[in-house]
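[1] sequence and predicted structure below; questions after.
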Amino acid sequence: VSDIVVANLVLAGVLFTIGVLGVMVRRHPVVIFMCIELMLNAANLTLITFNKHHISQEWPALDGQVYAFMVIAIAAAEVAVGLAIIVALFKKRPRIDVDEINLLRG
Amino acid sequence: MMGSEFVIWWLLAILAVAFAVAMVAVRNPVHSALCLVVNFVALAIIYLLLSAPLLAALQLVVYAGAIMVLFLFVVMFFKSSSDRNWLRPQLKAQLIIGGMAVLVFLVLLISIGLLGANSESTAGMSTVVNTQGSVSATEMSEANPQKLGSWMFGYHVLPFQLIGVLLLIAMIAALMVARDPRAEGRSRFERHAPARDDILPREVDL
């Protein structure tokens, strides 16, 4: 395992941990969504790093990059639905704190 | 990986981690969205170093472009009712710093243009195309978007189409969730029309 693979995996781990910390600490729902996006990006970084590590002349596989592409598409869908839920909650009450949201059905 | 690339990697990694921490630490959600944009740009350049140019471009277009604009829309939707004064410039030298940033950007664009006019291959393509201008076999096997496209549509066609269906479903679901509940049960044409019992004659008794 080369040093750049290890370095990228450590970077992805650090970014993922920061995302988890943000989800734990922050209470604004949009910021929590941003932290989830950060975690998805860390996962993408590991996928691309392992793809770079395992590629060879005999087996030029690009599965890791394909999976990273699909993660990006899933993240777009997730953001659309999540932000729509936040907008619907905002219409019910102007000030939102995620600690106060305990029902999906208002 | 060569030494210069390793230096660039370290700079990008420090930038990405610093702005990720700033995103969590900053109080204003608009500021944290902008910090996340910087983090995404740094990650996109790291993808370039990992010879994934198409994903770097997608990272910039989809994440730093579309998704973050969506986030900023919703954040501004939130803030607009809570306090009215949030759009006021918060930094003291914001005009000077912004002007300098625009100037640097302009110089960068001009220098890139001059570089592209002088040499056959631009600087960003140097990982794919070697100095003779011909594509070498080893780098061809891992880098370019053409290879990624043929791999995706050769081995992963069904997941790709499922993702298209999923995006359609998500779009419909977002419309359904975010619609106005007060307009429930009324059609678009009836909304401004008078109520039905006003039109019907009252005297009719069946």
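    Yes, it's here.
[2] switch to C-alpha atoms for all contacts and neighbour counts from now on
    Will do.
[3] which parts of chain B are helices?
    Counting by DSSP state H, chain B has helices at residues B:3-25, B:29-49, B:53-58, B:68-82, B:94-118, B:137-140, B:145-155, B:157-177, B:196-199.
[4] quick check: which of those helices is buried the most?
    The highest mean neighbour count among those, using mean count of other Cα atoms under 10 Å in any protein chain shown, belongs to helix B:29-49: a mean of 22.
[5] out of the helices of chain B, the one nearest residue A:17 is which?
    Closest of those to residue A:17 is helix B:3-25, at 10.1 Å (criterion: Cα to Cα).
[6] what comes up buried for stretch A:75-88?
    For stretch A:75-88, burial by neighbour count (16 or more other Cα atoms under 10 Å in any protein chain shown) applies to A:75-88.
[7] how far off centre is it?
    In terms of Cα atoms, centre = their mean, to the nearest Å, the centre of stretch A:75-88 is found 14 Å from the chain centre.
[8] then that stretch to CSV, C-alphas only?
    Provided in CSV are the C-alpha atoms of stretch A:75-88 (Å, rounded to 0.1, in the frame of the first residue of the first chain):
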residue,chain,number,x,y,z
ALA,A,75,-26.9,12.6,-2.8
ALA,A,76,-28.7,14.9,-5.2
ALA,A,77,-31.9,13.0,-4.8
GLU,A,78,-31.5,12.9,-1.0
VAL,A,79,-30.9,16.7,-0.9
ALA,A,80,-34.0,17.4,-3.0
VAL,A,81,-36.3,15.3,-0.7
GLY,A,82,-34.7,16.5,2.5
LEU,A,83,-34.8,20.2,1.7
ALA,A,84,-38.4,19.8,0.6
ILE,A,85,-39.2,18.3,4.1
ILE,A,86,-37.4,21.3,5.7
VAL,A,87,-39.4,23.7,3.6
ALA,A,88,-42.6,22.0,4.6
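[9] does that stretch come close to chain B?
    Yes: contact between stretch A:75-88 and chain B is present through A:76-85, A:87-88 (criterion: Cα under 8 Å from any Cα of the partner chain).
[10] contacts for that stretch?
    The contact list for stretch A:75-88 (Cα atoms under 8 Å, 6 or more residues apart in numbering or on different chains) reads A:29-30, A:33, A:37, A:40, B:62, B:67, B:71, B:74, B:166-167, B:170-171, B:173-175, B:177-179.
[11] repeat that with 6 Å
    For stretch A:75-88, the external contacting residues (Cα atoms under 6 Å, 6 or more residues apart in numbering or on different chains) are B:167, B:170, B:174, B:178.
[12] turn the helices of chain B into TSV, including distance to chain A and mean pLDDT.
    Shown next, in TSV, are the helices of chain B (distance: least, Cα to the nearest Cα, whole Å; pLDDT from 0 to 100):
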stretch	distance to chain A	mean pLDDT
helix B:3-25	5	90
helix B:29-49	6	92
helix B:53-58	7	91
helix B:68-82	7	75
helix B:94-118	24	75
helix B:137-140	7	48
helix B:145-155	6	87
helix B:157-177	5	92
helix B:196-199	28	50
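[13] between those helices, which gets nearest to residue A:68?
    helix B:53-58 (7.8 Å).
[14] how much space between residue A:32 and chain B?
    9 Å (Cα to the nearest Cα, to the nearest Å).
[15] nearest residue to that residue in space, please, no chain neighbours.
    residue A:23 (5.1 Å; Cα to Cα, 6 or more residues apart in numbering or on different chains).
[16] and the helix or strand where the one you found lies with helix B:29-49, angle?
    For residue A:23, the element it lies in under DSSP states H and E is helix A:3-25. Inter-element angle recorded for helix A:3-25 and helix B:29-49: 160 degrees (by axes from the mean of the first three to the mean of the last three Cα atoms, to 10 degrees).
[17] just the angle between helix A:3-25 and helix B:3-25, please?
    With the same axes, to 10 degrees applied, the angle from helix A:3-25 to helix B:3-25 works out at 10 degrees.
[18] now do whichever helix or strand comes after helix A:3-25 and helix B:29-49, the angle between them.
    Sequence order places helix A:29-54 as the next helix or strand after helix A:3-25, per DSSP H and E. With the same axes, to 10 degrees as the basis, helix A:29-54 and helix B:29-49 are set at 10 degrees to each other.
[19] show me what helix A:29-54 is packed up against.
    helix A:3-25, helix A:63-92 (3 or more Cα pairs under 6 Å, 6 or more residues apart in numbering or on different chains; DSSP states H and E).
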